[in-house]
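> Below: sequence and its predicted model.
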Amino acid sequence: MMDNFVFPGLTTRVVFGSGTLARAGEEVSRLGHEKALVLSTPHQKADAEKLADSLGGLAAGVFADATMHTPVEVTETAVEAFRVSGATAVVSLGGGSTTGLGKAIALRTGADQVVIPTTYAGSEMTDILGETANGEKTTRRSPVIRPETVIYDVDLTLSLPVGLTVTSAMNAIAHAMEAFYAPDRNPVILLMIKDAMSAFRDGIPRLIEDPHDRAARTKALYAAWCCSTALGYVQMALHHKLAHVFGGSFDRPHAETHAILLPYTAAFNEVAVPKLLAPIAEAFGGGSAGGALWDFANSVGSPLSLKAIGISEADLDRATAIAVKNAYANPRPIDPGSIRELLQAAWEGRRPGG
Ligand code: NAD
């Protein structure tokens, strides 16, 4: 029970279900647009073209070069394509990389966004944009970045490979983990993320057995929506900072990086706020939140060490220096020594907590 809170009442229209992709055109028109540019990564280009075909006259074309960590040079090319196409909106079909490109276009042109997420990364419900330039990732928040409409279609997640299913879910759990102790958390977000923790705990092991289990996919996508909403409502802290350091400055894959760091950042902050992280510990098997998350990660085959994704031990000093360069809110005070220790444990993949 929280005695004091602010609930900002932010609005993004959400259409959730199976077969909802068919409603994309209706949602573009609902926002008052006559032309929308469809965005995707090269990997999902065929799906984007199929979607553009189904949009008929509403489609202004396809831009299929979305790239992880939103490099500004890709955005500049995309903005040019957007202007030439005559579109006034974007339809972003894909994971966080595609959503990021749509947001970057919206920031520069005022385009409305219809986002159709196909991973659990959770960018779609947020006003956050991380962009990479000159080897460093910077993040900003602005109301123009927040998508107008999100269409969740469970069917599109059936093709998500098991590895990405697991790490993307860990990425979503990381949003929830930091929302549990966010200074601006509120009761609605807490209800959503508690529900999301049990949905992921039950859904992910079932998806490893059968990636096409539609009921488990529905649970996982619902949980992803809850976690994305949390990310869009409240401040993030140390965990997201460290994930951005390895993503932006070391060009490591986003979901894996989040997945690896999560037990260690949970263990680090749990020292300061054990009660606030108790729902995580309870959801994933009891004991400490850090230990429970590590055990869950281990049981679902999630990568456990920074070493496993090509980070060298020598990189840890540079990562520490970047991570402590700017001050930001975190429940436990941050200093270079303790961050370096956290990263050492994460590099080795040692189980944290008791
Ligand atoms: P991604 O979007 O890069 O997707 C990874 C790969 O999987 C891509 O090749 C993609 O085409 C493919 N893919 C996606 N969905 C698929 C599906 N259903 N079936 C088969 N293949 C599929 O990865 P991601 O982890 O979703 O997103 C990472 C990016 O999102 C990072 O740049 C990160 O910074 C950003 N992000 C931003 C926020 C925010 O609020 N700003 C939140 C979360 C993530």
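Happy to help now that I have it. Residues are numbered from 1 along each chain as shown.
> name the element the most centrally placed residue in the chain belongs to?
Compute the mean C-alpha point of the chain, and by C-alpha atoms, centre = their mean the closest residue is residue 121, 2.9 Å away. Under the criterion DSSP states H and E, no helix or strand holds residue 121.
> wait, what's in contact with it?
95, 96, 99, 168, 171, 172, 224, 254, 255 (C-beta atoms under 8 Å, 6 or more residues apart in numbering). In this view, the C-beta of every residue, glycine as well, is placed from N, C-alpha and C.
> who wins for most neighbours among these?
When neighbours are taken as other C-beta atoms under 10 Å, the top entry among those is residue 99 (32 neighbours).
> From residue 78, how far off is residue 119?
According to C-beta to C-beta, to the nearest Å, residue 119 stands 20 Å off from residue 78.
> Which one's more surrounded, the two?
Between residue 119 and residue 78, counted using other C-beta under 10 Å, residue 119 has the larger neighbour count: 27 against 24.
> quick one, phi psi at the residue of the chain positioned farthest from its centre?
In the chain, the greatest distance from the average C-alpha position (C-alpha atoms, centre = their mean) is reached by residue 57, at 31.7 Å. For residue 57, the backbone dihedrals (degrees, to the nearest 10) come out as phi -60, psi -20.
> where does it land on pLDDT?
Here the pLDDT value assigned to residue 57 is 98.
> Could you pull up the contacting residues of it?
Taking C-beta under 8 Å, 6+ apart as the test, what residue 57 contacts is residue 34.
> Tell me how far it lies from the ligand.
26 Å (C-beta to the nearest ligand atom, to the nearest Å).
> so residue 277 touches residue 265, yeah?
No: taking C-beta atoms under 8 Å as the definition, residue 277 is not a contact partner of residue 265, at 10.5 Å.
> Looking at those two, which one has more neighbours?
Neighbours per residue, other C-beta under 10 Å: of residue 277 and residue 265, the larger number sits with residue 265, 28 against 24.
> That one against residue 239, yeah?
Yes: using C-beta under 8 Å, residue 265 and residue 239 qualify as a contacting pair, with a distance of 3.7 Å.
> overlap in contacts of these two?
174, 177.
> Stretch 21-28 near the ligand anywhere?
No: Stretch 21-28 stays clear of the ligand (C-beta under 6 Å from any ligand atom), getting no nearer than 11.6 Å.
> So what touches that stretch?
Contacts with stretch 21-28, where a contact means C-beta under 8 Å, 6+ apart, come from 13, 15, 36, 51, 54-56, 58, 89, 91, 114, 116, 149, 151, 153, 155-156.
> Kindly recompute the last result at 10 Å.
With contacts defined as C-beta atoms under 10 Å, 6 or more residues apart in numbering, stretch 21-28 is touched by 13, 15, 17, 20, 30, 33-36, 38, 47, 50-52, 54-59, 87-91, 93, 112, 114, 116, 118, 148-153, 155-156.
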